[in-house]
Structure formats: structure tokens, C-alpha cells
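>>> can't give you the sequence, but here's the structure:
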């Protein structure tokens with residue numbers, strides 16, 4: 001059993017759930033998690049959290065139902081320069097940021113364009129995780145991205161919602177295998193993420209964990225149970 005899930009979404013993400021942060025924490029507690037990250041979508045996602053929502057997270061309780069809470073954001077990458085959809089002043093107040101590509105805000109480009117966008121967004125010191133870079137819509141030079149992630153202290157995720165039968169990003173298994181191979185090569189750690197919209201899939205890594213273990217990926221590079229190290233890596237550099 002893994003003890004942390006740091007890519008989840010509440011009602012403030014604007015789609016997929018009516019669950020509040022309290023609902024999410026309660027579900028995490030029932031499933032034995034010790035650390036839960038709330039990472040609602042940035043403002044460029046339709047109906048998602050506004051700047052005032054992310055500002056208010058600073059004052060939210062740090063523990064609910066016995067679960068430690070981190071408050072972050074899943075940023076939308078907007079262009080190849082790595083521009084994102086929340087001002088830096090507010091980003092600096094959050095615990096961490098996941099940077100992801102969503103086709104509503106970043107139309108799939110060439111491999112060079114997609115790769116350049118990931119390389120540039122990692123220059124932002126608040127970006128600690130690259131989200132679902134396995135997406136079959138986006139051609140990416142994984143070796144270049146993972147090498148840069150290691151140099152910038154950025155973690156890669158293996159996304160449950162990509163590998164599960166209910167996923168919508170296409171067949172991501174080959175891409176996930178490449179990501180894991182590059183992470184092993186460059187000794188870059190990963191996290192398993194549920195990407196749960198609401199409480200239903202919090203802490204559920206059924207398909208992600210099976211896939212990672214099938215590839216014989218070293219447990220020492222999986223951070224979900226290494227909570228002190230995970231929190232240290234998530235801190236703003």
C-alpha cells in the first residue's frame with residue numbers, strides 16, 4: 001500500500017466531481033493515506049479555480065481527518081516558452097505545482113515544440129512535477145525531458161488515469177515504458193498519481209503500480225512511501 005497521493009482534484013477544478021477538500025481528505029483517511037496533495041486545475045481550464053481560490057488555500061487547514069494536506073495546482077502549459085496560467089506571486093505561496101499539457105490550452109505540436117515547452121516550464125522553481133507526459137497526443141523527447149528533470153529537481157509521475165481502462169489519453173503504455181527507462185538511466189524519481197477527480201480514485205494506483213512493477217523499476221526511486229524525501233523535493237528550490 002502506498003501512503004501518499006499528490007495529484008488530485010476537488011470541485012474547484014470545475015469538472016468531474018462535486019467533492020470538497022474535506023470530502024477528499026476523509027476518503028484519503030479511510031484508505032490509509034498519510035499525505036494528500038490537492039492540485040486543482042489552473043484558471044485556464046474552463047470553470048476551474050480562480051486566482052482568489054488559490055490565494056485562499058494558503059490559509060487552509062494542514063491536517064484533516066488525520067491526513068497531512070499539501071496545497072498545489074495543476075498548471076496549464078500555455079506555449080513553448082513554458083508560460084503557465086497563474087501569476088508567479090501566487091505560485092510562490094503554494095506548496096508545489098504540477099505542469100501539464102491539455103489540448104484546450106496547448107495544441108499538440110512537433111516533438112521539438114512539445115519538448116521545448118516541457119524544458120522551459122521546468123525553469124520555474126515552483127514546478128516540481130510534470131503531469132501525464134505519457135499522453136499519446138504529444139510526441140516528446142523523453143530522454144531530454146527526464147535528463148532536464150533530474151537537473152532541475154523535478155519529479156516525473158506515472159498517472160493511474162492514463163493507464164486505467166477509463167483513461168482517455170490513448171494507449172500510453174509504450175510511452176510510460178520509455179519514461180521509466182529514462183528515469184532509471186538518469187536516476188530521476190517518480191510518483192504514482194491517481195489524478196482522481198473527486199474521492200473515488202484517491203490512493204488507487206492499481207494499474208500504475210502493476211505497470212511499474214512489471215518493468216522492474218526500482219522501489220527506491222518511487223517516492224509515495226518516502227514521505228520526508230517527497231516533501232523535501234516538493235519544497236520550492
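Yes, it's here. Computed from a predicted model, the values in this text were never measured in an experiment.

>>> any idea where the helices of this protein begin and end?
Assigned by DSSP state H, the chain shows helices spanning 21-30, 51-56, 88-91, 111-121, 142-152, 160-163, 173-186, 206-214, 227-234.

>>> which residues are in contact with the last one?
Spelled out, that is helix 227-234. Contact partners of helix 227-234, identified using CB atoms under 8 Å, 6 or more residues apart in numbering, comprise 3-4, 6, 34-35, 70, 72, 95-96, 128, 153, 155, 189, 191, 223-224. All C-beta atoms are positioned from the backbone trio N, CA, C, and that covers glycine.

>>> what is residue 197 paired to in the beta sheet?
residue 9 (DSSP bridges).

>>> Please list all residues in contact with it.
8, 9, 13, 15, 16, 17.

>>> Report pLDDT for the second one.
So the one you mean is residue 9. In this prediction, residue 9 carries a pLDDT score of 98.

>>> any weak-confidence spans in this protein?
Scanning the chain for pLDDT under 70 picks out the ranges 236-237.

>>> which helices and strands sit right next to the biggest strand by length in the chain?
Longest strand of the chain, by residue count under DSSP state E: strand 67-76. Contacts defined by 3 or more CB pairs under 8 Å, 6 or more residues apart in numbering; DSSP states H and E place strand 67-76 against strand 4-9, helix 21-30, strand 35-41, strand 96-100, helix 227-234.

>>> rerun that using 6 Å as the cut-off
helix 21-30, strand 35-41, strand 96-100 (3 or more CB pairs under 6 Å, 6 or more residues apart in numbering; DSSP states H and E).
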